[in-house]
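Asks: got a sequence here, can you build the structure:
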Amino acid sequence: MSYYSYGTTNIAFSTFDIWANNVSSDTNAGIDNALSDWYPTQSAPYQVSTLLGADCFYGGAATNDGAKGKVSMTSPYSIGDSNSFTVKNFDLGAYTLTFVANDVYPYNFHSWRTANNGGGSQLTASTTLTITTATTQLTTYYAYFV
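Replies: A predicted model of the protein is given here:
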């Protein structure tokens, strides 16, 4: 699973370390740490109600070979070409993520996969992978280049 779903009551602060960038353990699991870099941006004082019904995404993308291609994110904000990246503090129930695979000549993009190096199942042969709560949930989406 690449997102943590909250209901409409009883937000457990002990779950923040699953998806929040600034929370590493229950000792710093305050709402200020959890929501300080939330997308969309929140202003202090932070409210627990922000998380009611939220699907907090934690995951990312990686390439099987950085010499053959790179991965990036174009929506809802940009992360430039890289071998891998992680996205956290994001409400997947409110926004979609768009990952893009960019091949490096003379190599070609093959597919987005559920495992590295062409393993697992193919998610799509399109260079663009749109992630919603209905997408196969992985903590890493793999761009396979040949």
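Asks: show me the shaky parts of the chain.
Replies: For the chain, the stretches with pLDDT under 70 are 1.
Asks: got the residue ranges for the strands in it?
Replies: With DSSP state E as the criterion, the chain has strands at 3-5, 55-63, 69-75, 79-82, 84-91, 97-103, 109-113, 122-124, 128-131, 140-145.
Asks: let's have those in CSV, adding distance to Asn22 and mean neighbour count.
Replies: Where C-beta positions appear, they are placed from N, C-alpha and C, glycine not excepted. As requested, the strands of the chain are exported to CSV (distance: least, Cβ to Cβ, whole Å; neighbours: other Cβ atoms under 10 Å):
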stretch, distance to Asn22, mean neighbour count
strand 3-5, 16, 17
strand 55-63, 13, 22
strand 69-75, 20, 19
strand 79-82, 18, 14
strand 84-91, 8, 18
strand 97-103, 20, 20
strand 109-113, 29, 21
strand 122-124, 30, 14
strand 128-131, 23, 18
strand 140-145, 21, 23
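Asks: of those, which is nearest Pro45?
Replies: Of all those, it is strand 84-91 that lies closest to Pro45, at 17.4 Å by Cβ to Cβ.
Asks: now do the contacts for Asp81.
Replies: 70-72, 102 (Cβ atoms under 8 Å, 6 or more residues apart in numbering).
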